[in-house]
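*Asks:* Below is the sequence, then the predicted model.
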Amino acid sequence: MNGEFLPYEQAVIPVEDRGFIFADGIYEVIRVYGGKMFRAEDHMARLQRSAAAIRLPLPLSTSNLLQAAAELVRRDGLDEASIYLEITRGPAPRTHTFPAEVRPTVVGFARPVSAPAPNYIENGASAITLPDERWLRCDVKSVGLLLNTLAKQKAVEQGAYDALFIRDGYLTEATSSNAMAVFGGKIYTHPLNNLVLPGITRKVVLELCDQLGIPVVEEAVPAAELVRADEVFITGTVTEVLAITTLDGRPVGTGKPGPIFRQLHAAFVRYSRGQ
Ligand code: PDD
């Protein structure tokens, strides 16, 4: 935190930190496989993009940030982990305008994490659809995640694993993952614009599709078409690649993870662990 490695209990944020008061901050979650950060450069590029979007000059270089993150993983002795990094506009007396002198808060921690349980890979997970009531800058990795948490909570309370957001009749993404649907052997996924996060896992999966010759169409899927999808799956740093086999209580395709998911999941595991 702010240049120091501290015992967890000592890493304390002032109550008027703008991250706490206004959700005035950005974050990244980076996966560690075998002690090494996965696609760290992509995460840093997105962090820089998010920082620019909220007009927050980064107080340190991304290479220094990555060094600190690597050191964190080393000190915690973690092989399989997620690293959470957050940068806020720092503490200041509460007023909406930016402080005259910004002292950003930079904090990071690592947690042990494991791949989704084999049962999820084997059978897939269930999801519900919910209206996407989030703001119109979902491309920014902002810590303002209240609508995401409310949607995930609703899904879990209804016995589902996740929620898929529908905006103006089209599938955007999931609560902490991007979403893809398969129709006739082609993958459809929302184009990168203000309505979805430019996911690093999405990017990796599209690269794998290219290598495997799986056609991809970056077009939003109408929610009404989802009942006819052969496959639906979600992608994310912690989720990896996960099939959605039940949607709003109805089976997707055969109700089992489909062939395209299986091919991509295997390729993703090989690639992420092989690095
Ligand atoms: N979530 N969409 C949303 C809304 C997300 O929050 C995330 C990531 C993604 C997938 O992006 P990536 O593949 O780069 O992880 C898509 C992180 C993991 C989280 O909030 O925990």
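*Replies:* Structure's in. What do you need?
*Asks:* Only C-alpha atoms from now on, for both contacts and neighbour counts.
*Replies:* Noted.
*Asks:* Might you report the residue contacts of residue 36?
*Replies:* 70, 79 (C-alpha atoms under 8 Å, 6 or more residues apart in numbering).
*Asks:* Tell me how far it lies from the ligand.
*Replies:* Distance, residue 36 to the ligand, using C-alpha to the nearest ligand atom, to the nearest Å: 16 Å.
*Asks:* List the beta-bridge partners for that residue.
*Replies:* residue 33 (DSSP bridges).
*Asks:* Please renumber the chain so that the first residue is 347 from this point on.
*Replies:* Happy to do that; since the first residue is 347 now, the last one works out to residue 382.
*Asks:* Surely residue 609 is within a helix?
*Replies:* Yes. Under DSSP: H, G, I helix; E, B strand; the rest coil, residue 609 sits within a helix.
*Asks:* So what touches the helix or strand harbouring residue 417?
*Replies:* If you go by DSSP states H and E, residue 417 is part of helix 408-422. By C-alpha under 8 Å, 6+ apart, the list of residues contacting helix 408-422 from outside reads 351, 381-383, 386, 390, 425, 427, 429, 454-456.
*Asks:* So for it, mean pLDDT?
*Replies:* For helix 408-422, mean pLDDT is 96.
*Asks:* My read is that residue 389 contacts residue 373, right?
*Replies:* No. Using C-alpha atoms under 8 Å, residue 389 is not in contact with residue 373, being 9.6 Å away.
*Asks:* which of these two has more neighbours?
*Replies:* residue 373 (23 against 20; other C-alpha atoms under 10 Å).
*Asks:* and the more buried one, helix, strand or coil?
*Replies:* Per three-state DSSP, residue 373 ends up strand.
*Asks:* list the contacts for it?
*Replies:* Counting by C-alpha under 8 Å, 6+ apart, the residues that residue 373 touches are 393, 430-433, 487-489.
*Asks:* quick one on the thing from earlier: among the contacts of helix 408-422, name the buried ones.
*Replies:* 351, 382-383, 386, 390, 425, 427, 429, 454-456 (16 or more other C-alpha atoms under 10 Å).
*Asks:* Mind checking which of these are in helices?
*Replies:* Among these, the residues falling in helices (DSSP state H) are 386, 390.
*Asks:* can you redo the buried ones among the contacts of helix 408-422 as TSV with pLDDT?
*Replies:* Formatted as TSV, the buried ones among the contacts of helix 408-422 follow (pLDDT from 0 to 100):
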residue	pLDDT
351	97
382	96
383	97
386	98
390	98
425	95
427	97
429	98
454	98
455	97
456	96
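*Asks:* Closest one of the buried ones among the contacts of helix 408-422 to residue 587?
*Replies:* Closest to residue 587 out of the buried ones among the contacts of helix 408-422 is residue 427 (16.8 Å), distances taken as C-alpha to C-alpha.
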